[in-house]
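A.B. asks: How does the following fold in three dimensions:
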Amino acid sequence: MSARAIISEREGASTGNFYNLGDLIDKSRDLRKIAVIDLGGETAPREFSFDALDRMANGVARGLLACGLARGERVALLSANRAEYLAAYYGIMRAGLVAVPVNCKFPRALIDVVLRDSGARLVFCDPSRRPDCPPTLPVVDFVHTRLGGQDGSRHRYLIAAPLYHMNALALAKLACAAHATIVLLPQFTTTAYIEAIERFRCTWLTSVPPMIAMMLKEKALLAKTDLSSVEFLRMGSAPVSPVLMAGIREIFPTTVVTNAYGTTEAGPVVFEVSGPHARLSQPARPQATVHR
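C.D. replies: Take a look at the predicted model:
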């Protein structure tokens with residue numbers, strides 16, 4: 001069953017012009033193209049095509065519908081970054097349910113509070129977080145439950161911020177909609193981030209400003225790393241100081257730099273500071289470009 005058919009079945013009628021955010025994969029483009037290079041999981045790297053990611057998301061949606069969950073009910077995600085996280089996230093939305101990304105670094109007691117407060121009916125998790133799931137909720141372990149097969153744009157997005165935060169999740173959706181490849185780190189470390197740029201020839205760097213500030217301190221590693229593939233550096237969720245911008249320009253002199261702001265509640269990017277903000281000669285009140 002296709003993603004659109006699953007959504008239509010849940011809606012009880014044709015979706016018409018309605019597009020579910022879980023159905024971002026453009027079926028008219030090459031589905032054999034790699035969608036995610038997963039540097040987490042149990043054996044890294046793992047590559048997933050758009051076709052594999054789509055089939056995994058459909059498998060999640062069908063499984064959730066078979067569980068009898070009602071439209072609008074909550075399904076939690078408790079995991080480090082990995083391809084199955086994105087597949088489950090898309091599948092939850094395709095089934096007409098609400099995805100609840102939970103900070104996997106919370107202590108167990110706080111995770112329990114979040115799950116109870118959200119009204120989650122089921123939890124997707126990775127193996128190391130399974131002990132943090134309350135015994136009262138059904139749990140789907142990414143490793144022990146097979147979600148689907150494993151396996152345009154020329155761009156490769158490097159994502160290392162946690163997927164439970166809007167910054168990484170919004171950029172993952174943007175990359176998927178653009179039919180670009182995601183290079184997905186399980187978590188951010190300066191060494192892994194810098195090495196992934198050269199190894200996978202990443203063209204888009206996504207981050208929050210403190211990540212880039214930490215990266216710039218690794219002067220010896222940066223000096224011996226080929227960074228020539230980077231065309232865009234997209235930061236968000238915090239201001240960028242003139243000092244940080246100067247450091248970025250020294251390492252990435254020809255890269256287009258943007259600092260985008262959105263809201264966690266809204267999910268997608270709401271507006272973006274561009275133009276003058278990307279240069280060192282910033283006005284006191286940068287201009288904002290509103291995307292409708």
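A.B. asks: so where does I212 fall, helix or strand?
C.D. replies: helix 209-216 (DSSP states H and E).
A.B. asks: For that helix, list the C-alpha coordinates in CSV.
C.D. replies: Extracted in CSV, the C-alpha atoms of helix 209-216 (Å, rounded to 0.1, in the frame of the first residue of the first chain):
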residue,chain,number,x,y,z
PRO,A,209,26.0,28.0,16.4
PRO,A,210,27.7,26.5,19.4
MET,A,211,28.4,23.3,17.3
ILE,A,212,30.2,25.4,14.7
ALA,A,213,32.1,27.4,17.5
MET,A,214,33.3,24.1,18.9
MET,A,215,34.3,22.8,15.5
LEU,A,216,36.4,26.0,14.8
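A.B. asks: Tell me which residues are up against it.
C.D. replies: Helix 209-216 is touched from outside by 160-161, 188, 190, 193-194, 205, 222, 233, 235, 237-241, 244, 247-248, 251, 259, with contacts defined as CB atoms under 8 Å, 6 or more residues apart in numbering. Where C-beta positions appear, they are placed from N, C-alpha and C, glycine not excepted.
A.B. asks: Then stretch 103-123?
C.D. replies: 64, 67, 69, 73-80, 100, 102, 129, 131-134, 137-140, 162, 164.
A.B. asks: ok, E73 touching L97?
C.D. replies: Yes: with contact defined as CB atoms under 8 Å, E73 reaches L97; the gap is 5.6 Å.
A.B. asks: of these two, who's got more company?
C.D. replies: Between E73 and L97, L97 has the larger neighbour count (other CB atoms under 10 Å), namely 25 against 18.
A.B. asks: OK, contacts around the more buried one?
C.D. replies: If you count contacts by CB under 8 Å, 6+ apart, then L97 has 64, 69, 71-75 around it.
A.B. asks: Now, those that are in strands?
C.D. replies: Assigned to strands by DSSP state E, the following of the contacts of L97 qualify: 74-75.
A.B. asks: from the contacts of L97, which is closest to T255?
C.D. replies: V75 (37.8 Å; CB to CB).
A.B. asks: Could you identify the buried members of the contacts of L97?
C.D. replies: 64, 69, 73-75 (16 or more other CB atoms under 10 Å).
A.B. asks: Average pLDDT for the strand or helix carrying L110, rounded please.
C.D. replies: Using DSSP H and E, L110 maps to helix 108-118. Per-region confidence: helix 108-118 scores 96 on mean pLDDT.
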